[in-house]
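S.K.: 3D, please:
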Amino acid sequence: MRIGPWTLPNNVLVAPMAGVTDRPFRQLCKKLGAGYAVSEMAASNPRLWDSVKTSRRLNHDGEIDPISVQIAGADPAMMAEAAVFNVNKGARIIDINMGCPAKKVCNLASGSALLRHEDLIKRILDAVVEACAPLGIPVTLKTRTGWDREHKNALRVARIAEDSGIAALTLHGRTRADLYTGEAEYDTMRAVRDEIRIPLIANGDITTPQKARAVLDYTGADAVMIGRAAQGRPWIFREIDHFLRTGAMLVPPSWDEMRNLLLEHLDDHYRFYGEHTGVRSARKHIGWYLEDLPGGPAFCARMNLIEDTRGQWQAVADWFDTMMRDGPHPGTDNAQPLLAA
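M.R.: Reported below is the predicted structural model:
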């Protein structure tokens, strides 16, 4: 799998997710087998570049190359300026967001709202590619199948992207109106694959190694991009990569490995966000890790009342210690709830 001059180690990629794919999460996913990760969406408006939120999103210290930054906006010149700004901050690939369905993004005529304006899509893509080309920076595009089911234009957008010099196209197999409901449109992905020569990355409902294999075989896509299925399960990348290479399933992580991975993730998360924001923003990650484990939801209800990082980290460590001593293997189907004291 290649994106411009970059040869990726595999074709199992991390989807950009606002509030999720921060630097600690991206680094963890790459450590656990992801071949590539795209940052959270960064605003193209220069007035927002000095905000705390944007500064965190532009922090790539220690991150494995190629560093990819996703930008969003509706003004071609501003998007081009944002691309160059992020290149100067360390980005080696620029990804353009035309897939986010969130109202606060679409209300600004960006994200998937752009799918209603193909002329503006072309002007944005042309402007960003033109700005990045002299710097040797490839530009990718992430989009959806259309605005709604009556207005699907994935084929036309894909042709516009290829003609504009986009290096790779990620297609989430839903319309903006679908949000995250319904089933992903793999038929549309397959049609787009037949239409373009640039790499196609399939995104949507890929939750298991077997599903990844089936999607690649059916659509002809070059790679899969994993989003929500990686929340609390960052080892999914090594599982999928191993299955695609060997046809065999890896053994699920043990209690001990899960404990170490989550505690290391929390350590990095706290350093990145600090005490006040760190303890609060870590709660969702802890919840995702534990939501399907015996006793996990009950523990999280109590853990969410803890207001300091040291206490939160220790509570998680103690819970895992109890499960390692008294609980079944995390992959056991007939596991019975065990609550930490």
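S.K.: going forward, measure contacts and count neighbours with C-alpha atoms only.
M.R.: Will do.
S.K.: so which bits of the host helix or strand of Gln312 are buried?
M.R.: Element membership for Gln312, per DSSP states H and E: helix 309-326. Buried residues in helix 309-326, counted by 16 or more other CA atoms under 10 Å: 309, 312-313, 315-316, 319-321, 323-324.
S.K.: one more: stretch 270-290?
M.R.: For stretch 270-290, a neighbour-count test (16+ other CA under 10 Å) marks 270, 272-273, 278-280, 282-290 as buried.
S.K.: then stretch 146-164?
M.R.: 146-148, 152-155, 157-162, 164.
S.K.: kindly report the same for stretch 72-85.
M.R.: Within stretch 72-85, the residues scored as buried using 16+ other CA under 10 Å are 72-84.
S.K.: now, among those, which is nearest to Gly99?
M.R.: Ala72 (9.6 Å; CA to CA).
S.K.: just how off-centre is the helix holding Gln312 within its chain?
M.R.: The chain centre lies 28 Å from the centre of helix 309-326; the measure is CA atoms, centre = their mean, to the nearest Å.
S.K.: which secondary structure elements does it contact?
M.R.: Here helix 309-326 touches helix 255-273, helix 275-290, helix 296-303, going by 3 or more CA pairs under 8 Å, 6 or more residues apart in numbering; DSSP states H and E.
S.K.: sketch out the low-pLDDT regions of the stretch 101-250 of the chain for me.
M.R.: 101-111 (pLDDT under 70).
S.K.: can you give me the helices for it?
M.R.: For the stretch 101-250 of the chain, the helices defined by DSSP state H, counting those that start in this stretch cover 103-106, 118-132, 154-164, 186-195, 209-219, 236-246.
S.K.: which residues are in contact with the fourth one?
M.R.: With contact meaning CA atoms under 8 Å, 6 or more residues apart in numbering, helix 186-195 is reached by 145, 154-155, 158-159, 171, 173, 200, 202, 215, 218-221.
S.K.: then the second one?
M.R.: Residues outside helix 118-132 that contact it (CA under 8 Å, 6+ apart) are 74-77, 79-81, 83-84, 114-115, 138-139, 157, 160-161, 164-166.
S.K.: and the residue nearest to Arg280 when sequence neighbours are not counted, helix, strand or coil?
M.R.: Leaving aside its chain neighbours, Arg280 sits nearest to Glu307 (7.7 Å; criterion: CA to CA, 6 or more residues apart in numbering). Taking DSSP: H, G, I helix; E, B strand; the rest coil as the rule, one finds Glu307 in the coil state.
S.K.: thinking Cys29 is in contact with Gly232, fair?
M.R.: No - counting by CA atoms under 8 Å, Cys29 stays clear of Gly232, with 10.6 Å between them.
S.K.: more neighbours, those two?
M.R.: Cys29 (24 against 20; other CA atoms under 10 Å).
S.K.: name the next helix or strand following the strand or helix carrying Arg56 along the chain.
M.R.: Arg56 is located in helix 52-57, with elements delineated by DSSP H and E. Going down the chain from helix 52-57, the next helix or strand is strand 68-72, by DSSP H and E.
S.K.: what comes up buried for that next one?
M.R.: By 16+ other CA under 10 Å, the buried positions in strand 68-72 come out as 68-72.
S.K.: now those residues in a markdown table, with pLDDT and distance to Arg302?
M.R.: Below are the buried residues of strand 68-72 laid out as a markdown table (pLDDT from 0 to 100; distance: CA to CA, whole Å):
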| residue | pLDDT | distance to Arg302 |
| --- | --- | --- |
| Ser68 | 96 | 37 |
| Val69 | 94 | 36 |
| Gln70 | 93 | 36 |
| Ile71 | 93 | 37 |
| Ala72 | 90 | 37 |
